[in-house]
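> Okay, here's the prediction I keep looking at, along with the sequence it came from:
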Amino acid sequence: MANMGPAKDLTDELAGRVVESVKEISSLPECQNVYKRMYGNLVRRVNLLSPLFEELRDSDELLNEDELRAFESLIIALDSTKDILKLVNRGSKLYQAFQKDKMADKFQHMTEQIEAALSEIQYDKFDISQEVQEQIELVHAQFKRAKGGMDSADLQLDLDLATALKEKDTDPAILKRLSEKLHLRTISDLKKESVAFHELVISSGGDPGDSFEKMSSLLKKLKDYVLTENSEVDTSECEKGSIRHRSPVIPDDFRCPISLELMKNPVIISTGQTYERSCIQKWLDAGHKTCPKTQQTLLHTALTPNYVLKSLIALWCESNGVELPKKRGNCRSKKSGCRFSDCDRAAIDGLLEKLANGNTEQQRAAAGQLRLLAKRNADNRVCIAEAGAIPLLVELLSSPDPRTQEHAVTALLNLSINESNKGTIVNAGAIPDIVDVLKNGSVEARENAAATLFSLSALDENKVIIGAAGAIPALIRLLCEGTPRGKKDAATAIFNLSIYQGNKARAVKAGIVTPLMRLLKDAGGGMVDEALAILAIISSHQEGKLAISQAESIPILVEAIRTGSPRNRENAAAVLWSLCTIDQQQLKLASEFGAEEALKELSENGTDRAKRKARTILELLQRIEVALNSQNS
């Protein structure tokens, strides 16, 4: 009997840990995304385990060594299950929709782990009630069936997603089904999705995988659909009540939490809350380090434009006959009591007068001063733009004086740091002239033109305009012959533009692959990171895959997977995955150059995305090996 104490304690401890894990899983919030059914089924089955382990904890039952190991395996499986269930309730619902096959594999793996542990526990020999015995047999049978095959694929969702992405004008019935299935039914849902989407882009360094462009396109369509539906409801309610000539009620999500006014320039802070830019900037400038709404400490003070919400507000204003809020200048003249750090409105007006009517030397000097002022601080950028400098600077992009042209394009680059100025610059017709500077300007002007195009391409609609203006061949030329800084500027611009599918084809047609391969081979040139990032993004295009496969890229990619940085290994694996999924010849080459060993190591120690790509390629390599062995036998 002396030995039964510790043995019983261990049994009670393990049973208690299982009970606590089950309780934690059962208390998780209801899933509100495409995993709802898989999530609900797994939680329900796990919850049914509780009575067995509660009885064991409260009984005199002792477990043998094998059963103790099985208990420990079950605890590990339940902890992993808990982590996955928490994971699927976070983040972008659109991203989850495009990742559902991979997540289904994880649900399958967890189900198999739990079932394997249950199979090692001989619960039919325990001294437990008949009712609990029957329940455990039932739930074990459910886990066995689930292990044999996960929930059937949602074919309607797959079809709706494919149709919505393919068709320009998507049937509202399809958008309604997607809105319901993805739980993006309200403006509030879309606001949260917008925040999650921006966080995804930021955390992935601008490249959250192959589904970025699809997500962006679909989010815009759902946004238009939901807002249209809400507008129709508002109208019908007004008609029913015979209410006329009354201002529409502004949705709470469109109001800044600080000013409670309709936002004109919403931005996201590090806690995920959205505010009017000018309001939150004043809060930060006053020395506050917390979120006004949640009181959480800010991890950083960067402000991310909330383009989706801004678009929602614009559409709501248009649908309800509300005039968009007019921008208020951040600075006023000295007469009204506001001082500028480096200049005043009169000084700026004087510089603009020289831009418009001065001689060549005066224009050059004025453009140079505006360039420096715009670089210095945010207030100057707002003041200079509001004074009307942008159209005048755009005119000087075609100046015959190289130095004036250089000052003008660099001033526009500095002004474009302000998000509101980006649209003003494009609307002033700047892009064709900036592209012309990129082609024909001085070395410094070309490099700053490339940097300006990168800055402007932060807005999705500008990616299309810049690509259509012929910027990509000129950027590739700069990538080949520019200074180290110029090459960096060209590479970042090409990468950003290639997020848009149409620009991927333009880049491939302009011969982007050849210089990228040269940069990859020149490890000392400092451009390997940029070259692999661009290859990864264009490899998602059919023409891009073909061009990369013809460039004898396999040995270079395998070497990058073997010796590169974590990010480079991930991008190299993404390119290799794109090649190997369309062409068995590329698979054979990868095998010949020793990819298997490098991929095995990557599948264990790489980033999450790299691990997924590596495992998929390894599976393909195994299949082709099996096929070859079958032919030989």
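All right, it came through fine.
> Quickly find the element holding Ala117.
Here Ala117 sits within helix 100-120, counting by DSSP states H and E.
> could you give the angle of whichever helix or strand comes after that helix to helix 100-120?
Downstream of helix 100-120, the next assigned helix or strand under DSSP H and E is helix 130-148. Interaxial angle, helix 130-148 versus helix 100-120 (axes from the mean of the first three to the mean of the last three C-alpha atoms, to 10 degrees): 140 degrees.
> Specify the next element, helix or strand, located C-terminal of the helix or strand bottoming out on mean pLDDT in the chain.
One helix or strand of the chain scores below all others by mean pLDDT, DSSP states H and E: helix 212-240, with a mean of 62. Note on helix 212-240: by DSSP H and E, the next helix or strand toward the C-terminus is strand 266-268.
> Touching that next one from outside, list them.
By C-beta atoms under 8 Å, 6 or more residues apart in numbering, the residues outside strand 266-268 that reach it are 195, 198, 256, 274-277, 280, 303-306, 309-310, 313. Bear in mind the C-beta positions are built from the backbone N, C-alpha and C, glycine included.
> that older thread, now do the buried residues in the helix holding Ala117.
100, 103-104, 106-108, 110-115, 117-118 (16 or more other C-beta atoms under 10 Å).
> Which one of those residues is nearest to Ser129?
Nearest to Ser129 out of the buried residues of helix 100-120 is Leu118 (C-beta to C-beta; 18.2 Å).
> my read: the closest one touches Phe71, true?
No - the criterion here is C-beta atoms under 8 Å, and Leu118 misses it with Phe71 at 10.4 Å.
> coming back round to it: output the buried residues of helix 100-120 as TSV; include the columns distance to Glu318 and pLDDT.
Formatted as TSV, the buried residues of helix 100-120 follow (distance: C-beta to C-beta, whole Å; pLDDT from 0 to 100):
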residue	distance to Glu318	pLDDT
Lys100	34	75
Met103	38	78
Ala104	40	78
Lys106	43	81
Phe107	43	82
Gln108	46	83
Met110	47	83
Thr111	49	82
Glu112	52	84
Gln113	53	83
Ile114	52	82
Glu115	55	83
Ala117	58	80
Leu118	58	79
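> which one of those sits closest to Glu601?
Nearest to Glu601 among the buried residues of helix 100-120, with distances taken as C-beta to C-beta, is Lys106, at 21.8 Å.
> if you skip the residues just before and after it, what's nearest to the closest one?
Sequence neighbours aside, Ile84 is the residue nearest to Lys106 in space, at 5.5 Å (criterion: C-beta to C-beta, 6 or more residues apart in numbering).
> cool, and Asp433?
Leu397 (3.8 Å).
> cool, Phe71 as well?
Leu14 (4.2 Å).
> gap between the one you found and Glu67?
Look at Leu14 and Glu67: by C-beta to C-beta, to the nearest Å, they are 9 Å apart.
> Check Ala408 too.
On the measure of C-beta to C-beta, Ala408 and Glu67 end up 79 Å apart.
> ok, the residue nearest to Asp433 - contacts?
Gln405, Ala408, Val409, Leu412, Ala430, Asp433, Ile434, Asp436, Val437.
> so the fifth one touches Ala411, yeah?
No - because the distance of 11.3 Å does not satisfy C-beta under 8 Å, Ala430 is recorded as not touching Ala411.
> which of Ala408 and Glu67 has more neighbours?
With neighbours defined as other C-beta atoms under 10 Å, Ala408 and Glu67 compare such that Ala408 has more, 33 against 20.
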